[in-house]
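> mind folding the following:
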Amino acid sequence: MRTPDGKYRYTYVSDEVQAAFGLDPAVLLAEDAVDHAWIHEDDRPRFVRALERSSAELSTLDEEVRVVLPGGGYKWVRSLGQPRRLRDGTVIWDGVALDVTDRREALQALERALQDAKRNEVSGSRYAAIAAQDMAAPLHALTSAIENLVVTEESGPAGLSSQAAEVKRSFEAFTKALSAARALVEASPAQKDREHTTRTAAKRALTTRQLEIMQMVHAGASNTEIADALSITVGTVKLHISAILKRTGARNRTDASRMCFG
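Okay, the predicted model is just below:
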């Protein structure tokens, strides 16, 4: 909610935000005013501007931002809300926060494939161009489904569930096409050479201890398991992972693992 004096606070927070985004519902509800500090600093001003605009116009809030995770990295979150104004000027949004990280990463993968097509030789471009063509139809269906996902008073929970199901079906179709396209692109000799170069560069950017930690991350070890194996604290593991993300330019530990080991 937004109070007449311009402060923001929460009147209800689902328990699921703890597991999804690492945010404690009790802490959020206890705050007299929130500053959205959990949102990436590059996205926070844009999100506040969207809230202010939605509050002034009583227009639907629909914004995607990065939520910084306690263990490092971030998730993409789509905030959807329908505002209503009370007699005292307070504005309340009823809505949902959706984890759209997979979709964002899929679209970014598509963008990288298209960029690679422009940089590659003719043979490499052919692979990427075919891959992009195969993804065009499912990507269009996914985009349309997402654009139609709007919370309104008329739609209600049932309408939202139906729209969300359509997004899920479209995303699964796009993911399948993306996997096939990625396999096609990765089969090209030029792509294999680039991947080898990327892995070599990522490994060289890390210290011996950081590379050791990334090997354990790649094997599926948790921060606690890594700390126990190396006789260090969990906090130290988190600091190492944070440094790894900065050195490699990875978005999260999974991305760093892929960059180092494929």
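> how near is Ser170 to Arg103?
Between Ser170 and Arg103 the distance is 10 Å, computed by Cβ to Cβ, to the nearest Å. Any C-beta I mention is one placed from the backbone N, CA and C, and that applies to glycine too.
> same thing with Trp76?
With distances taken as Cβ to Cβ, Trp76 is found 8 Å from Arg103.
> ok, now Gly95?
From Gly95 over to Arg103 (counting by Cβ to Cβ), the distance is 18 Å.
> so those two - more neighbours on which side?
Legend: neighbour count by other Cβ atoms under 10 Å for Gly95 and Arg103, higher for Arg103 (21 against 16).
> ignoring the adjacent residues along the chain, who's closest to that one?
Distances taken as Cβ to Cβ, 6 or more residues apart in numbering place Phe171 nearest to Arg103, at 6.1 Å, with adjacent residues excluded.
> tally of neighbours for the one you found?
Phe171: 20 neighbours (other Cβ under 10 Å).
> go on, Pro4?
Quick note: Pro4 (other Cβ under 10 Å) scores 10 neighbours.
> pretty sure it sits in a helix.
No: counting by DSSP: H, G, I helix; E, B strand; the rest coil, Pro4 falls outside a helix, being coil.
> wait, isn't it in contact with Gly89?
Yes: counting by Cβ atoms under 8 Å, Gly89 is a contact partner of Pro4 at 3.9 Å.
> wait, Trp76 sits on Arg104?
Yes: look at Trp76 against Arg104 with Cβ under 8 Å: they come within range, at 4.2 Å.
> shared neighbours, these two?
Common contact partners of Trp76 and Arg104 (Cβ atoms under 8 Å, 6 or more residues apart in numbering): Glu64.
> which of these two has more residues huddled nearby?
Under the criterion of other Cβ under 10 Å, the comparison of Trp76 against Arg104 puts Trp76 first, with 21 against 17.
> what's across from the more buried one in the sheet?
Note on Trp76: beta-bridge partners Arg66, judged by DSSP bridges.
> which ones are touching it?
By Cβ under 8 Å, 6+ apart, the residues touching Trp76 are Glu64, Val65, Arg66, Val67, Asp99, Val100, Thr101, Arg103, Arg104.
> with distance to Arg44 and pLDDT added, can I get those residues in a markdown table?
Formatted as a markdown table, those follow (distance: Cβ to Cβ, whole Å; pLDDT from 0 to 100):
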| residue | distance to Arg44 | pLDDT |
| --- | --- | --- |
| Glu64 | 13 | 93 |
| Val65 | 7 | 94 |
| Arg66 | 9 | 92 |
| Val67 | 11 | 92 |
| Asp99 | 18 | 88 |
| Val100 | 18 | 87 |
| Thr101 | 18 | 86 |
| Arg103 | 21 | 79 |
| Arg104 | 17 | 80 |
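> farthest pair within the residues you listed?
Across the contacts of Trp76, no pair lies farther apart than Val67 and Arg103, at 14.9 Å, counting by Cβ to Cβ.
> got the residue ranges for the helices in this protein?
According to DSSP state H, the chain carries its helices in the segments 16-21, 25-30, 44-57, 101-119, 122-147, 156-186, 189-204, 208-218, 223-230, 234-248, 253-261.
> can you flag the weakest of those by average pLDDT?
Here the lowest mean pLDDT among those goes to helix 122-147, at a mean of 57.
> a markdown table for the contacts of Trp76, including distance to Asp35?
Output for the contacts of Trp76, formatted as a markdown table (distance: Cβ to Cβ, whole Å):
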| residue | distance to Asp35 |
| --- | --- |
| Glu64 | 19 |
| Val65 | 14 |
| Arg66 | 16 |
| Val67 | 14 |
| Asp99 | 22 |
| Val100 | 23 |
| Thr101 | 23 |
| Arg103 | 27 |
| Arg104 | 24 |
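> tell me the buried residues within the residues you listed.
Glu64, Val65, Arg66, Val67, Val100, Thr101, Arg103, Arg104 (16 or more other Cβ atoms under 10 Å).
> quick one: which of those residues is nearest to Arg253?
Thr101 (13.2 Å).
> wait, isn't that closest one in contact with Lys75?
Yes: at 4.7 Å, Thr101 counts as touching Lys75 under the criterion of Cβ under 8 Å.
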